[in-house]
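> Attaching a predicted model along with its sequence, questions to come.
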Amino acid sequence: METPRRYRITVTPLEPDGLPCYDRCSLEFDHSQPGDLMRRVEAASSGRVLAGDEATALVLGLSLLEALALHGSATTQALLAPLSAALQQQAERTWNRTLP
């Protein structure tokens, strides 16, 4: 089993002019999970099936949900239980690059 890697994830809204917002408007959180998110993003975008931003969003979103479903609190795991089979199936397809 891989040693979990730690990540600092930041979400910053953009203003209409494309610049980042100002003054306390970013969300930041730590996330720990096995696997290398950077390599997963590269793999998802390398086949040109998904654009860079789409690949990043898919990998991050799926990775976050997958980690929460497996290692989150009991309440979080219960909330994600109905999605568990679909998350696992999509993760396998994505990590194995068998996207349509």
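Right, received. Where do you want to start?
> Okay, residue 9 and residue 59: tell me how far apart.
12 Å (C-beta to C-beta, to the nearest Å). For every residue, glycine as well, the C-beta is placed using N, CA and C.
> Which one of the two is surrounded by more residues?
A direct count of neighbours by other C-beta atoms under 10 Å for residue 9 and residue 59 places residue 59 higher, at 24 against 12.
> my guess is that one contacts residue 44, does it?
Yes: contact status for residue 59 versus residue 44: in contact at 5.2 Å, counting by C-beta atoms under 8 Å.
> Which neighbours do the two have in common?
Jointly contacting residue 59 and residue 44 under the rule C-beta atoms under 8 Å, 6 or more residues apart in numbering are residue 94.
> Which helix or strand lies directly C-terminal to the top helix by length along the chain?
Criterion DSSP state H: the longest helix present in the chain is helix 52-71. Per DSSP states H and E, helix 52-71 leads on to helix 74-80 as the next helix or strand towards the C-terminus.
> circling back: from the chain's centre, how far out does the longest helix of the chain sit?
2 Å (C-alpha atoms, centre = their mean, to the nearest Å).
> repeat for stretch 3-21
Using C-alpha atoms, centre = their mean, the offset of stretch 3-21 from its chain centre is 13 Å.
> Check which residues of that stretch are buried.
residue 7 (16 or more other C-beta atoms under 10 Å).
> Likewise for stretch 23-37?
31, 33, 37.
> residues contacting the most centrally placed residue in the chain?
Closest to where the C-alpha atoms of the chain average out (C-alpha atoms, centre = their mean) is residue 60, at 1.5 Å. Residue 60 sits next to 9, 37, 41 when contact means C-beta under 8 Å, 6+ apart.
> just the residues you listed now: which is nearest residue 88?
Residue 88 lies nearest to residue 37 out of the contacts of residue 60, by C-beta to C-beta, at 17.9 Å.
> Now do that closest one against residue 19, distance only.
Counting by C-beta to C-beta, the separation of residue 37 from residue 19 is 26 Å.
> Same question for residue 67.
32 Å.
> ditto for residue 72
34 Å.
> thinking again about what came up before, put together CSV for the buried residues of stretch 23-37, with distance to residue 13, pLDDT and secondary structure on each row.
What follows is the buried residues of stretch 23-37, written out as CSV (distance: C-beta to C-beta, whole Å; pLDDT from 0 to 100; DSSP: H, G, I helix; E, B strand; the rest coil):
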residue, distance to residue 13, pLDDT, secondary structure
31, 19, 90, strand
33, 25, 84, strand
37, 22, 87, helix
